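Trainee: this is a predicted model, with the sequence first.
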Amino acid sequence: VMKVSLSKRYSQRVISQERPIPRRHSRLVKNPSLTIQTGEMELKNNLPRVQDFFASFQGSFGNEKGSRKMLASGIEQYITMPISTKQKRKRPFTATKHNTRPQSSHPSHNKQISEISGSQGRTMMTSRSNGDFLYKSLSNLHLSLKSPKILMTSYILQAQQTLPDSELKKLYLARCKDIKVSPSPKQEFRFLEYAYRTCVEGKLVLSEMNAGINMALEIATIISSNNYYINHLDVKRNSLGNEGIIILARAIAKSSAIVHLDLSSNEMSKEGANALFKVLKNNSTITCLHIGNSKGLHRNFLSGKSIMQIKEVLRVHSQLVFLDCGGACIGNEGLQYVVEGLKLSKSVKVVNVNFNAITSSASQLIIDLLQKTSVKRIDLSGNSLGQGFVNDLHKFSQNFSFLTTHLDLSSCGFIISCAQLLLQSMKKDVMLNELKIDEMRFRSEEYEFLKNFISGQTNIKVLSLRSCFLGNQGAVHIAEALSNNGVISEINLSFNKISNEGAKAIADKLCSSRTSRLKVLYLSFNHIDDESADNFGQVLEKRYMLEVINFTSNDIKDKFAIALINGISKNFVIMTLKLAQNPVDYKHLKTLESILKRNKTSCNERKLPYYLREVEKYTCGPQDYEKTLTEISKIKEECDRVQEFANKNEELLQRTEEKEKAKSKIYEAQKKRLNQFSQRQITLLKTPMKPKRK
């Protein structure tokens, strides 16, 4: 008896790679799919092929590692060896599923396992007197061949799958019922392939599957059983409806492991929202909640009254950090309930209320959201706030400051005259690190104010001015501001009608600047030509801070690409350079890709693990040894001074305590004397007076 166990290294080396079948091997694959399934399969007719298959590792039965290596080489030889080198037979080797196979004594051998599964296998081969070979249970290792390629997936032996194959098949059948389609093996295979990629490490991601009530029931049974650890539930962009969400809410009430819950774009209205909020009042694990709509698919409709209970949820829930109500049409009334709940909550840090039909009449609520809550990131984009909100914000900012760090006010319907007031109100905000004011219109008179605002910033690191129609004049002012600013690390200037004049100004100022720390630059969807090629080539040669540049959809050609290649060849810092939708030759793109790969590998080599970085803080080279000694001596002197000062303070405190104790003793003694004297006087008054003798 010979036992050989397959290792994960072999499975990752052979099974995880996709390799096409050459034409000379096409005779091997007679059927479109070849599976080696569990159970006992007698291969009497294919005895010579099996002998060839196992002949490569006959000499290493005793050594386990050797047997693994030889088995891997044997399978590789069997798959890749041409037919001319083998013994030619009339019928090629095919392992088929026999309907009448003998039942095994072990219960696991009788289970029917899918074409792809995720555990290690074990083979057993026994020799008989008649020379037959019994090929037993190549357990859970299934080579699935599809012409003209051998489908070999990298996730075939992942042990961290969220659900087993039986549960995934149930989910697939429930989906077929919802869609009203009969199940097919091809669709089942695709569903399992998707599930093996997404449903890993406690995640259950079933988005964009047109799921309904049947699939909701299956998910609810999986969650409520508590047999599987699920901490991430994502069912966005489906058609669950109120009934499906009520079913899931009842299951979530029984679970104590779900942390991330995404129910966006699922045809949810007042009934489903009320059922969900009732469950969330007693839940203490969910930290991320999505109940809005995803982009391009508005299905959830949560009016003001349907979101009324969220105030109580935010007051009670102490673990919720992320709240997404984007695109749910909550309006001003719904925003009032959200803000009142956020005032009572201290855990929520990120709020998304974009595209919710919020108007300027709710400006006071937004100001309360910016100042009186613990929220750090707010997304208000897509709401028609208008000039009224800007005026109220400007009045409020003269006396108070905000607590937010990330603010998105893009496409809020601001008029041209609003830009200066809005930037003035943002000047005093010390905590703000990221500001997005896309689709803001600037007048030519306001470019100078924008320049002063950018150059004088000391806290904003990310600034987005997308589709503001700045033109070359605005680009020149922004270039001068960036050359004087040493804080901004990312700026977005796409969709701004910038041509060669503005691009040259930006490139020249970045080359000559010594204070700028810009790392990310977006110049996509503009009118940049090959005239500014040399300027940007010099930028890439001299500026070693830039890491990302985006030139998507410009008029860039081969001359510009050659200048970029010459600049990047000397730069080892830049990681990404996007030239999509530009008429550039494929050869130049390939060379750019190879240089960027070089930079990424060198960056990964230069990066140290976390513990080595911590060690580096406390270590130094031989040249800095004397400096470190002097610094250590200075630190010791300072520590001694601090210690002496502390000792003196302790002595003073002890003296003061002793004095206070002495005073308290004297006071208590005086008090006792006064009490004794008063008692004597009282006794004397009570005693009768004796008559005087004559």
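Mentor: All right, it came through fine. Numbers count the residues shown, from 1 in each chain.

Trainee: the helices in the stretch 501-650 of the chain, which residues?
Mentor: All helices of the stretch 501-650 of the chain, identified by DSSP state H, counting those that start in this stretch, fall at 533-542, 558-568, 586-606, 610-617, 625-686.

Trainee: closest one to C329 among the ones you listed?
Mentor: helix 586-606 (43.6 Å; Cβ to Cβ). No exception for glycine: its C-beta is placed from N, CA and C like everyone else's.

Trainee: so which other helices or strands are in contact with that closest one?
Mentor: If you count contacts as 3 or more Cβ pairs under 8 Å, 6 or more residues apart in numbering; DSSP states H and E, helix 586-606 packs onto helix 558-568, strand 576-578.

Trainee: hmm, 6 Å instead?
Mentor: Applying 3 or more Cβ pairs under 6 Å, 6 or more residues apart in numbering; DSSP states H and E, one finds that helix 586-606 contacts helix 558-568.

Trainee: so what secondary structure elements neighbour the helix it packs on?
Mentor: Applying 3+ Cβ pairs under 6 Å, 6+ apart, we find helix 558-568 packed against helix 533-542, helix 586-606.

Trainee: re earlier: which of the helices of the stretch 501-650 of the chain has the lowest mean pLDDT?
Mentor: Lowest mean pLDDT within these: helix 610-617, at a mean of 54.

Trainee: burial measure for I549, as a count.
Mentor: Each residue near I549 was counted by other Cβ atoms under 10 Å, and the total is 22.

Trainee: phi, psi of T515?
Mentor: Backbone torsions of T515, given as degrees, to the nearest 10, read phi -100, psi -20.

Trainee: so it sits against V487, correct?
Mentor: No: taking contacts as Cβ atoms under 6 Å, T515 lies outside contact range of V487: 9.4 Å.

Trainee: the more surrounded of those two?
Mentor: It is V487, of T515 and V487, that has more neighbours when counted by other Cβ under 10 Å, with 15 against 11.

Trainee: nearest residue to V205 in space, please, no chain neighbours.
Mentor: Spatially, and ignoring its direct neighbours in sequence, V205 is nearest to T198 (3.9 Å; Cβ to Cβ, 6 or more residues apart in numbering).

Trainee: same check, this time on N582
Mentor: Closest residue to N582 in three dimensions, ignoring its sequence neighbours and counting by Cβ to Cβ, 6+ apart: I556, at 4.3 Å.

Trainee: same check, this time on L403
Mentor: Nearest non-adjacent residue to L403 (Cβ to Cβ, 6+ apart): M431, at 5.8 Å.

Trainee: that neighbour and V338, how far apart?
Mentor: 21 Å (Cβ to Cβ, to the nearest Å).

Trainee: who has more neighbours out of these two?
Mentor: The residue with more neighbours, out of M431 and V338, is V338; 23 against 13, by other Cβ under 10 Å.

Trainee: need the pLDDT of the more buried one.
Mentor: 94.

Trainee: contact partners for I416?
Mentor: By Cβ atoms under 6 Å, 6 or more residues apart in numbering, the contact list for I416 reads 441, 443.

Trainee: picking up where we left off before, quick one, which of the helices and strands packed on helix 558-568 gets closest to R237.
Mentor: It's helix 586-606; of those, that one is closest to R237 (Cβ to Cβ) at 33.1 Å.

Trainee: next, the angle from the closest one to helix 558-568.
Mentor: With axes from the mean of the first three to the mean of the last three Cα atoms, to 10 degrees defining the directions, helix 586-606 sits at 20 degrees from helix 558-568.

Trainee: quick check: buried residues in helix 586-606?
Mentor: For helix 586-606, the neighbour count (16 or more other Cβ atoms under 10 Å) marks 588-589, 591-592, 595, 599 as buried.

Trainee: assumed L248 was part of a helix.
Mentor: Yes: counting by DSSP: H, G, I helix; E, B strand; the rest coil, L248 is found in a helix.

Trainee: OK, contacts around it?
Mentor: 216, 220.

Trainee: let's see that with 10 Å instead.
Mentor: L248 makes contacts with 216-217, 219-220, 223-224, 233, 235, 240, 261, 263, 266, 272, 275-276, 279, as judged by Cβ atoms under 10 Å, 6 or more residues apart in numbering.

Trainee: quick one on the thing from earlier: from memory the residue nearest to V205 sits against T162, does it?
Mentor: Yes: here T198 lies in contact with T162, judged by Cβ atoms under 10 Å, at a distance of 9.0 Å.

Trainee: between these two, which one's more packed in?
Mentor: Neighbours were counted for T198 and for T162 using other Cβ under 10 Å; T162 has more, 22 against 15.

Trainee: pLDDT score assigned to that one?
Mentor: If you check T162, the pLDDT there is 87.

Trainee: now I179
Mentor: With respect to pLDDT, I179 has a value of 91.

Trainee: give the contact list for it.
Mentor: Neighbouring residues of I179 by Cβ under 10 Å, 6+ apart: 187, 209-212, 214-215.

Trainee: after the strand or helix carrying L421 comes which helix or strand?
Mentor: Per DSSP states H and E, L421 falls inside helix 418-427. Where DSSP H and E defines the elements, the next helix or strand beyond helix 418-427 is strand 434-436.

Trainee: show me what that next one is packed against.
Mentor: Using 3 or more Cβ pairs under 10 Å, 6 or more residues apart in numbering; DSSP states H and E, the elements in contact with strand 434-436 are strand 406-408, helix 418-427, strand 462-464.

Trainee: now with 7 Å, please.
Mentor: Using 3 or more Cβ pairs under 7 Å, 6 or more residues apart in numbering; DSSP states H and E, the elements in contact with strand 434-436 are strand 406-408, strand 462-464.

Trainee: the last one pairs with which strands?
Mentor: Here strand 462-464 is paired, per DSSP bridges, with strand 434-436 (parallel), strand 490-492 (parallel).

Trainee: can you list the ones you listed in TSV and add distance to T630?
Mentor: Shown next, in TSV, are those (distance: least, Cβ to Cβ, whole Å):
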stretch	distance to T630
strand 434-436	41
strand 490-492	40
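
Trainee: reformat the ones you listed as a markdown table; add mean pLDDT, distance to T405 and mean neighbour count.
Mentor: Formatted as a markdown table, these follow (pLDDT from 0 to 100; distance: least, Cβ to Cβ, whole Å; neighbours: other Cβ atoms under 10 Å):
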| stretch | mean pLDDT | distance to T405 | mean neighbour count |
| --- | --- | --- | --- |
| strand 434-436 | 94 | 7 | 20 |
| strand 490-492 | 95 | 15 | 20 |
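
Trainee: count of neighbours near V642?
Mentor: 10.

Trainee: what of N242?
Mentor: Should you count by other Cβ under 10 Å, N242 turns out to have 18 residues around it.

Trainee: doesn't it lie inside a strand?
Mentor: No: counting by three-state DSSP, N242 is not part of a strand but helix.

Trainee: who touches it in this structure?
Mentor: By Cβ atoms under 7 Å, 6 or more residues apart in numbering, N242 lies in contact with 268-269, 271-272.

Trainee: what do you get for S347?
Mentor: By Cβ under 7 Å, 6+ apart, the contact set of S347 is 318-321.

Trainee: filter those to the buried ones?
Mentor: Neighbour-count burial (16+ other Cβ under 10 Å) applied to those gives L320.

Trainee: and for Q424, the neighbour number?
Mentor: For Q424, the neighbour count with other Cβ under 10 Å is 16.

Trainee: now do the phi/psi pair for the residue lying closest to it once chain neighbours are set aside.
Mentor: Ranked by Cβ to Cβ, 6+ apart and with sequence neighbours excluded, the top spatial neighbour of Q424 is H394, at 6.3 Å. With angles defined as degrees, to the nearest 10, H394 sits at phi -70, psi -40.

Trainee: how near is H394 to E445?
Mentor: From H394 to E445 the distance is 18 Å (Cβ to Cβ).
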